[in-house]
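[1] no FASTA, just this:
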């Protein structure tokens, strides 16, 4: 099919994320909006709800795009017990695309950005964008439309068949091209062909999503957010953000979760958005009265004014990144030059949870257990302190995935130095010792990143870390594929039975009402099918009743 008369060419955007409940591929709405404003035709090929019939052959038989963009939201489930990896599934989609079109492929997305050089080698694609991709994607499409060299596109990664390299004069992080204030309105649609169907994702996933700002300036030990979103914060204007909220609510999407790294990284900006929501409600903008807002937040900075504004603006729940209840006493080390981690204490967590609970806002805190220095005493204190909080749900994750560019990964590679087995490094799929080399000892960035996802024979083998000071058998700790089951059993036994209803416990098994993973969780899918909406922690306490309800009506996940 021909492009429209005034079009500069067609760009196809593909979402190969098959995880259910589906998460709206917001990145494609953002990219689509920018490309349309730049004069390109755009088609979205969303495969989330098409696991068995991708429709790629039919589409490319009728369309000849100048560029295909593929977003890789997640490279794996990041769940330390499951350790599921999505890379082979994504590769199958990319191979299917290549079989139907000769158009060049550009990769992006959070999962891609955690290991862009290795990913470009693995997927055999010519182009990639680390971090926010809207500016670079439009520039690449312009270059292809005009016959300009891709090397003239700042921030682009290029696979020239010999190595993966930055384009000439590229910015080290693509997101730095965005600037500090984003005024671009993003077009959110429902029910249109070849576009993201936001209402379908809400009906089948329980949440809409919204970006108020992008980027994270901090360098927390385990986190990939600075790689995925850039290390500088780019703020969207409050008016544009709330315009977008009104569009979503008008489409029947009443539960909207922010996708910011944390809503309160720059609290004055978050407050401005909340005031805009409140002002429009007071002016009789009826749609926003139906809004139920859900946010991610850190314990600091957080004050009474922010809590009041959240309550008045219709915030239903806060996912508070508490991470650990005694984090200031262990797992600390020097962070990359010029970067800092957020500093807060248990007193900050107590203060914020009390403020939110007093205003009737639901709260979940997710504790990350097992960092270096973790032992049974710190786990016990973390559990005791977290159960004393007035939270709706508290979750415990044991173990952390080790990413190449996060401080934890950099530290583990330095300790291993390609020669030493670091106690605690583990992978369920490991067939031999896990040895990591620091970047300086690797011939390329691709080689450095690859070792965190693949073994020396090229088999998929993600790397995780579990503190060896936890109560595991010496044989378990010595094995590269050892499972930290003793600690999981201890946590499950230590948490009083009377508290299990409001706790998301780490689980070895998949399925059942205590399975707290997100990807393809049968309980979450059943709850959404029954009509439950909002963040899952808002109905986690009711899981026994919800599963019984599903059985009564004959639902099967």
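    Arrived safely, thanks for sending. Given the structure is predicted, the values throughout are model-derived calculations rather than measurements.
[2] so which strand or helix has the residue nearest to residue 543 when sequence neighbours are not counted?
    Leaving aside its chain neighbours, residue 543 sits nearest to residue 513 (4.6 Å; criterion: CB to CB, 6 or more residues apart in numbering). C-beta coordinates here come from the backbone N, C-alpha and C atoms, glycine included. If you go by DSSP states H and E, residue 513 is not part of any helix or strand.
[3] correct me if wrong: residue 513 contacts residue 523.
    Yes - the pair residue 513 / residue 523 is scored as a contact, 6.0 Å apart, by CB atoms under 8 Å.
[4] now do the shared contacts for those two.
    Residues within reach of residue 513 and of residue 523 at once, by CB atoms under 8 Å, 6 or more residues apart in numbering, are 543, 547.
[5] for those two, indicate the residue with more neighbours.
    residue 523 (22 against 16; other CB atoms under 10 Å).
[6] so the more buried one sits right up against residue 546, yeah?
    Yes - here residue 523 reaches residue 546: they are 7.3 Å apart, a contact under CB under 8 Å.
[7] just give me how far stretch 295-305 sits from the chain centre.
    The chain centre lies 20 Å from the centre of stretch 295-305; the measure is CA atoms, centre = their mean, to the nearest Å.
[8] I should have written stretch 541-554 there, sorry.
    Distance of stretch 541-554 from its chain centroid, counting by CA atoms, centre = their mean, is 28 Å.
[9] look up how far residue 126 lies from residue 150.
    8 Å (CB to CB, to the nearest Å).
[10] residues shared between the contacts of those two?
    residue 158.
[11] distance check, the residue nearest to residue 543 against residue 42.
    The value you get for residue 513 to residue 42, if CB to CB is used, is 42 Å.
[12] one more: residue 154?
    For residue 154, the distance to residue 42 - CB to CB - is 22 Å.
[13] just residue 319 next, same as before
    Counting by CB to CB, the gap from residue 319 to residue 42 is 32 Å.
[14] repeat for residue 539
    In terms of CB to CB, residue 539 sits 36 Å off from residue 42.
[15] just residue 13 next, same as before
    Relative to residue 42, residue 13 is positioned 6 Å away (CB to CB).
[16] residue 517 now?
    Here residue 517 is placed at a distance of 33 Å from residue 42 (CB to CB).
[17] kindly report the same for residue 168.
    27 Å.
[18] show me which of those two is the more surrounded one.
    residue 42 (23 against 13).
[19] for that one, give the beta-bridge partners.
    Judged by DSSP bridges, the bridge partners of residue 42 are residue 11.
[20] contacts for the helix or strand that contains residue 280, please.
    Assignment of secondary structure by DSSP H and E places residue 280 within helix 267-282. Identification of contacts with helix 267-282 by CB under 8 Å, 6+ apart yields 212-213, 235, 238-239, 241-242, 245-246, 263-264, 288-289, 291, 293, 301-303, 305-306, 309-310, 312-315.
[21] again, but for stretch 354-368
    Stretch 354-368 has contacts (CB under 8 Å, 6+ apart) with 222, 302, 304, 307-308, 310-311, 315-325, 349, 353, 382, 386, 389-397, 400, 504, 535, 537-538, 540.
[22] the residues you listed in helices, which ones?
    In this view, those that belong to helices under DSSP state H are 304, 307, 308, 310, 311, 349, 353, 382, 386.
[23] buried stuff in stretch 108-128?
    For stretch 108-128, burial by neighbour count (16 or more other CB atoms under 10 Å) applies to 108-123, 125-128.
[24] distance of residue 61 relative to residue 101?
    If you go by CB to CB, the gap between residue 61 and residue 101 works out to 9 Å.
[25] so those two - more neighbours on which side?
    Neighbour totals were compared for residue 61 and residue 101, and residue 101 leads with 17 against 11 (other CB under 10 Å).
[26] what sits against residue 437?
    Taking CB under 8 Å, 6+ apart as the test, what residue 437 contacts is 413, 416, 417, 418, 447, 448, 451.
[27] wouldn't the last one be in contact with residue 436 here?
    Yes - here residue 451 lies in contact with residue 436, judged by CB under 8 Å, at a distance of 5.5 Å.
[28] who's more crowded, those two?
    More crowded of residue 451 and residue 436, by other CB under 10 Å: residue 436, with 25 against 22.
[29] check what pLDDT the more buried one gets.
    On pLDDT, residue 436 comes in at 98.
[30] please report how far it lies from residue 30.
    Distance from residue 436 to residue 30, by CB to CB: 34 Å.
[31] same question, residue 429
    34 Å.
[32] what do you get for residue 358?
    Using CB to CB, residue 358 is found at 36 Å from residue 30.
[33] again with residue 544
    39 Å.
[34] neighbour count winner among those two?
    Neighbour count, other CB under 10 Å: between residue 544 and residue 30, residue 30 has more, with 22 against 10.
[35] list the residues that contact residue 399.
    So residue 399 contacts 80, 81, 369, 370, 426, 464, 465, 466, 484 (CB under 8 Å, 6+ apart).
[36] make CSV out of these and add distance to residue 490, secondary structure and pLDDT.
    Shown next, in CSV, are the contacts of residue 399 (distance: CB to CB, whole Å; DSSP: H, G, I helix; E, B strand; the rest coil; pLDDT from 0 to 100):
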residue, distance to residue 490, secondary structure, pLDDT
80, 16, coil, 92
81, 15, coil, 91
369, 11, strand, 92
370, 12, coil, 92
426, 18, strand, 97
464, 19, strand, 97
465, 18, strand, 97
466, 13, coil, 96
484, 10, coil, 95
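[37] and for residue 527, the neighbour number?
    A total of 26 residues lie near residue 527 under the criterion other CB under 10 Å.
[38] for residue 455, same thing?
    The number of residues packed near residue 455 is 20, by other CB under 10 Å.
[39] do the one 5 residues further on as well
    A total of 17 residues lie near residue 460 under the criterion other CB under 10 Å.
[40] and residue 439, by the same measure?
    15.
[41] do residue 551 as well
    Neighbour tally, residue 551, other CB under 10 Å: 11.
[42] so which helix or strand takes in it?
    Here residue 551 sits within helix 543-552, counting by DSSP H and E.
[43] helices and strands around that helix, which ones?
    Applying 3 or more CB pairs under 8 Å, 6 or more residues apart in numbering; DSSP states H and E, one finds that helix 543-552 contacts helix 522-529.
[44] which outside residues touch the helix it packs on?
    Contacts with helix 522-529, where a contact means CB under 8 Å, 6+ apart, come from 20-21, 204-206, 511-513, 515, 518, 536, 539, 543, 546-547, 550, 555, 557.
[45] tally of neighbours for residue 282?
    Residue 282 has 10 nearby residues by other CB under 10 Å.
[46] how about the one 5 residues further on?
    A total of 17 residues lie near residue 287 under the criterion other CB under 10 Å.
[47] thinking again about what came up before, where do the contact lists of residue 13 and residue 42 overlap?
    Common neighbours of residue 13 and residue 42 (CB under 8 Å, 6+ apart) are 31, 32.
[48] got the end-to-end distance for stretch 117-137?
    Terminal residues of stretch 117-137 lie 17 Å apart, using CA to CA, to the nearest Å.
[49] quick check: mean pLDDT of it?
    Stretch 117-137 comes out at a mean pLDDT of 96.
[50] tell me which residues touch the closest residue to residue 495 other than its chain neighbours, please.
    Closest residue in space to residue 495, ignoring its immediate chain neighbours: residue 503 at 5.6 Å, by CB to CB, 6+ apart. Shown in contact with residue 503 (CB under 8 Å, 6+ apart): 387, 393, 394, 395, 396, 495.
[51] gap between residue 503 and residue 491?
    9 Å.
[52] can you list residues touching both of the two?
    By CB under 8 Å, 6+ apart, the residues touching both residue 503 and residue 491 are residue 396.
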